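Colleague: Generate coordinates for the sequence data below:
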Amino acid sequence: MKLKRFFNLEWDAIAGIIAAVAAIALHLLHIVDEGVILPIILALMGLLFINFMRHTRNNELTAEQVDRTAHAVTKIQSALAGPDVLLVGPRHLQAVNEQFLRNMSGDTLWFNVCLSMYTPQPLFDALLRPALENPLVTSIQFVLDESQRDLWQRDIQPRIAACAGHAKVKAPGWHALDNTVSYILADSQLSGGCEALLSFWGEPFMAQSTERDQPRYIFHVQRHCELLPHLEELARCLPPRH
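Modeller: Model (predicted):
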């Protein structure tokens with residue numbers, strides 16, 4: 001390693017410096033006069049110019065290599081497709097949910113969600129209020145199972161009515177929902193497309209207790225995922241209420 005470093009030294013520049021120091025010393029000792037010093041100075045200037053030109057070319061070659069590498073990396077990144085669905089575990093549930101609500105916009109669909117999640121005031125403030133107070137959200141449509149009607153009227157609706165954005169909440173669509181799919185669907189400012197937070201009733205995706213059911217795992221469905229149209233179809237194809 002030391003030998004390699006030794007050979008990589010700028011010996012032309014070192015030789016030029018030694019020659020300049022020697023010439024100045026000889027001139028100060030009155031051994032040589034100005035007529036000898038001048039050719040030495042001109043030779044040193046030529047040497048420095050050649051050294052500068054060599055480094056300029058090396059810099060140009062390095063810049064070309066960097067550009068080619070950056071272009072290759074960009075092509076590789078564009079060819080790599082991101083995951084269609086991200087699994088979110090218990091430690092990141094709140095952070096992902098908050099980010100989703102903060103970035104959602106337009107008309108939103110809340111399908112078969114568990115209303116008992118929103119009954120405690122802290123959970124209501126963390127999981128539902130941000131959507132109500134998000135100025136870019138134009139409407140909130142709940143599609144719910146008939147079994148949750150009492151809970152809606154007793155706990156959820158009064159809390160929504162007390163929020164500034166209560167007018168954007170449409171009357172819930174009440175149905176006899178016999179599937180376990182639950183999701184929130186909305187456009188995302190972050191990705192520029194439609195995304196969803198998808199969950200399922202029952203273990204292991206939802207923790208069940210005597211007080212309320214809470215999601216344990218959710219799926220963050222990305223905007224390019226082919227699952228999104230099928231989720232929308234679930235709400236559109238529900239039988240009419242009698």
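
Colleague: Could you use CA atoms for every contact and neighbour count after this?
Modeller: OK.

Colleague: burial measure for residue 179, as a count.
Modeller: Applying other Cα atoms under 10 Å, we find 11 residues neighbouring residue 179.

Colleague: what about it, is that helix, strand or coil?
Modeller: On the three-state scheme (DSSP: H, G, I helix; E, B strand; the rest coil), residue 179 is labelled coil.

Colleague: ok, now which ones touch it?
Modeller: Listed by Cα atoms under 8 Å, 6 or more residues apart in numbering, residue 179 has no contact partners.

Colleague: pLDDT at it, what is it?
Modeller: Note on residue 179: pLDDT of 81.

Colleague: Give me the phi and psi angles of it.
Modeller: The phi and psi values for residue 179, taken as degrees, to the nearest 10, are phi -110, psi 170.

Colleague: Walk me through the domains of the chain.
Modeller: Domain assignment for the chain by automatic domain parsing gives 2-79, 85-236.

Colleague: ok, of those, where does mean pLDDT dip lowest?
Modeller: Looking at those, the bottom one is domain 2-79 with a mean of 64.

Colleague: could you pull out the strands for the chain?
Modeller: Using DSSP state E, the strands of the chain run over 85-88, 104-111, 137-145, 173-175, 181-188, 194-200, 206-207, 214-215, 218-221.

Colleague: Put together CSV for those strands, with mean neighbour count on each row.
Modeller: Below are those laid out as CSV (neighbours: other Cα atoms under 10 Å):
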stretch, mean neighbour count
strand 85-88, 16
strand 104-111, 20
strand 137-145, 20
strand 173-175, 17
strand 181-188, 21
strand 194-200, 22
strand 206-207, 16
strand 214-215, 20
strand 218-221, 22
